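>>> model the following, please.
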Amino acid sequence: QVQLVESGGGLVQPGGSLRLSCTASGFTSSTYVMNWYRQAPGKERELVATITSVSETTNYADSVKGRFTISRDNAKNTVYLQMNSLKPEDTAVYYCNAVKYGHDYVWGQGTQVTVSS
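Just a heads-up that it's a prediction; the model follows:
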């Protein structure tokens with residue numbers, strides 16, 4: 001069964017850190033471009049970070065640049081999103097997805113991140 005499963009979300013205070021994981025099954029995620037998106041209530045889904053397949057080039061939304069880091073562990077078929085210096089405006093449901101040849105292949109179910117004191 002082809003799927004992505006996110007984990008690691010939760011409640012954190014402003015300035016804190018979380019690491020999200022996205023584990024693939026049924027396919028080899030290392031051959032796919034992997035993205036992290038987020039969607040806050042009442043807002044459109046936003047692309048947060050991308051990591052390519054071969055060169056593992058990364059790209060980030062301006063709103064998270066310098067605070068978030070995307071990485072992948074191909075041996076574990078997993079992509080991570082390390083989130084530091086979290087702000088209340090980072091509160092959202094975070095999703096990962098796999099893309100190949102410019103087409104979405106599979107989406108995860110999402111994990112909730114809440115930044116609040």
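
>>> what's the burial count for the residue nearest to residue 28 when sequence neighbours are not counted?
Residue nearest to residue 28 in three dimensions, not counting chain neighbours: residue 77, with 6.8 Å by C-beta to C-beta, 6 or more residues apart in numbering. No exception for glycine: its C-beta is placed from N, CA and C like everyone else's. For residue 77, the count of nearby residues is 17 (other C-beta atoms under 10 Å).

>>> show me what contacts residue 77?
Contacts of residue 77 were listed using C-beta atoms under 8 Å, 6 or more residues apart in numbering, and they are 23, 24, 25, 28, 29, 30.

>>> 10 Å instead?
Residues near residue 77 by C-beta atoms under 10 Å, 6 or more residues apart in numbering: 4, 22, 23, 24, 25, 26, 27, 28, 29, 30.

>>> and if you look at residue 60?
36, 47, 48, 49, 50, 66, 67, 68, 69, 70.

>>> do residue 20 as well
With contact taken as C-beta under 10 Å, 6+ apart, residue 20 is in contact with 6-10, 36, 38, 48, 68, 70, 79-83, 94-96, 108, 111, 113.

>>> if we can go back for a sec, just the contacts of residue 77: which are in strands?
4, 22, 23, 24, 25 (DSSP state E).

>>> quick check, pLDDT for the closest residue to residue 74 other than its chain neighbours.
Nearest non-adjacent residue to residue 74, counting by C-beta to C-beta, 6+ apart: residue 30, 4.0 Å away. Looking at residue 30, its pLDDT reads 92.

>>> how many residues are close by residue 30?
Close neighbours of residue 30, defined as other C-beta under 10 Å, add up to 16.

>>> for residue 89, same thing?
10.

>>> residue contacts, it?
By C-beta under 10 Å, 6+ apart, the residues touching residue 89 are 14, 40, 63, 115.
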